[in-house]
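Visitor: fold the following for me, if possible:
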Amino acid sequence: MEKKKSNKINHITAWGKISFPCLVEARSYQNTGSPKFSAGLFLLKDDLIKSGLLDLVEELAEEQGFNRPQMRGGRQVQVAWHNPIRFKEEYIREDGTSKVPQQIEHLDVVYIKASTGEAFKPKVVGADARPLDPELIQAGDVCRLNISVAPYSIAGKNGITFYLGGVQLKRHATDAERFTGGSGMGAVDTSSEDDCWDIPF
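Guide: Next up, the predicted model:
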């Protein structure tokens, strides 16, 4: 589900559990920086792989040379680059405890976040692909995102970023699924969500 736009590649994610949707009004993080619309999404790792998003990010990083050693201080060093796909393993401390146990509860869950400037309000649609009031989207609902995947190099920092283009709601979370606060996967198993839907974006 990829479509190239200049240096950006359009991608429709698999169904996941939306987290911290900011779709009504653009906001700045902790009152710093430019206001943005944004949404996080918790996905099952298998769904992420099947959708091709993991391969897409890795291929873009390879094309940009992010994985190649760079000269720093007269010697070659491996410079870290920002990967927008967050895995459970990245939140494990050395003592084995998790930094964010309420957010990513299982090793087979990954987290992504996409955002866009306030001049580019994301399109929000419902299960019938018709426009939907963004206020109806709540943390924990089963959604998928329309994102643009793009590399960046700013002030010596490299990485891949996700721009948010749209959100489709498939169904609202049940009370049991919201029990985890809408952030962890909780009781919802999005692998059972049929992906054979028309793309509304």
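Visitor: contacts and neighbour counts: CA atoms only from here.
Guide: Noted.
Visitor: which residue lies farthest from the center of this protein?
Guide: G74 (36.7 Å; C-alpha atoms, centre = their mean).
Visitor: if I pick the most centrally placed residue in the chain, what's in contact with it?
Guide: A centroid search over the chain (C-alpha atoms, centre = their mean) returns I112, at 2.5 Å, as the residue closest to the centre. Contacts were defined as C-alpha atoms under 8 Å, 6 or more residues apart in numbering; by that measure I112 touches G40, L41, F42, L43, P84, I85, R86.
Visitor: assign a three-state SS to it, would you?
Guide: At I112 the chain is in strand, as set by DSSP: H, G, I helix; E, B strand; the rest coil.
Visitor: quick check: it vs R68, distance?
Guide: According to C-alpha to C-alpha, to the nearest Å, I112 and R68 sit 24 Å apart.
Visitor: same thing with C22?
Guide: 36 Å.
Visitor: please enumerate the strands of the chain.
Guide: Secondary structure of the chain by DSSP state E: the strands cover 2-5, 8-12, 16-29, 32-44, 70-72, 75-77, 86-87, 109-117, 123-125, 142-154, 157-171.
Visitor: tabulate the ones you listed (CSV), appending distance to L60.
Guide: Shown next, in CSV, are the strands of the chain (distance: least, C-alpha to C-alpha, whole Å):
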stretch, distance to L60
strand 2-5, 12
strand 8-12, 10
strand 16-29, 23
strand 32-44, 21
strand 70-72, 17
strand 75-77, 20
strand 86-87, 17
strand 109-117, 16
strand 123-125, 26
strand 142-154, 7
strand 157-171, 8
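Visitor: including mean pLDDT, could those go into a markdown table?
Guide: Formatted as a markdown table, these follow (pLDDT from 0 to 100):
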| stretch | mean pLDDT |
| --- | --- |
| strand 2-5 | 48 |
| strand 8-12 | 93 |
| strand 16-29 | 92 |
| strand 32-44 | 91 |
| strand 70-72 | 65 |
| strand 75-77 | 71 |
| strand 86-87 | 82 |
| strand 109-117 | 92 |
| strand 123-125 | 96 |
| strand 142-154 | 93 |
| strand 157-171 | 94 |
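Visitor: for E135, which of these is the nearest?
Guide: Closest of the strands of the chain to E135 is strand 16-29, at 6.2 Å (criterion: C-alpha to C-alpha).
Visitor: cheers, nothing more for now.
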